[in-house]
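Colleague: Need a 3D model of the sequence below.
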Amino acid sequence: MNMVCTLLKLVQSFLVDFEVEGAKVPKDFEDILNQILMFCTIWSIGAAIDETSRKGFSDYILHLVTANPDIPKLYNIILYIQYAFEP
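Modeller: Sure thing, here's the model as predicted:
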């Protein structure tokens, strides 16, 4: 439950500019929202799991991102696959 609350608080902190009535929403807001959600998911879950689970989480996120060749372009992700994750 704590990870979900952290995730939602992070997302809310990024969306505060769009909460103002009459705020202009960019045309690519869906892409921006996807990037925000990816970032917040990685940081809220990755920060909360224990050190032994981080390698598996990193591998899982990397698998999700590389499963579709369009995802790195969509999220503007630069993958440094040549460097192994070492906690």
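Colleague: and the gap between the nearest residue to T6 once chain neighbours are set aside and L64?
Modeller: Computed as CB to CB, 6 or more residues apart in numbering, the closest residue to T6 that is not its neighbour in sequence is S44, at 4.2 Å. From N, CA and C alone the C-beta is placed, and that goes for glycine too. Distance, S44 to L64, by CB to CB, to the nearest Å: 16 Å.
Colleague: circling back: contacting residues for the residue nearest to T6?
Modeller: Contacts for S44 (CB atoms under 8 Å, 6 or more residues apart in numbering) come out as M3, T6, L7, L10.
Colleague: Would you agree the third one is in contact with F39?
Modeller: The one in question is L7. No. Counting by CB atoms under 8 Å, L7 does not reach F39; the two are 10.3 Å apart.
Colleague: higher neighbour count, those two?
Modeller: Neighbours were tallied for L7 and for F39 using other CB atoms under 10 Å; the higher tally belongs to L7 (18 against 14).
Colleague: quick one on the thing from earlier: which of the contacts of S44 are buried?
Modeller: T6, L7, L10 (16 or more other CB atoms under 10 Å).
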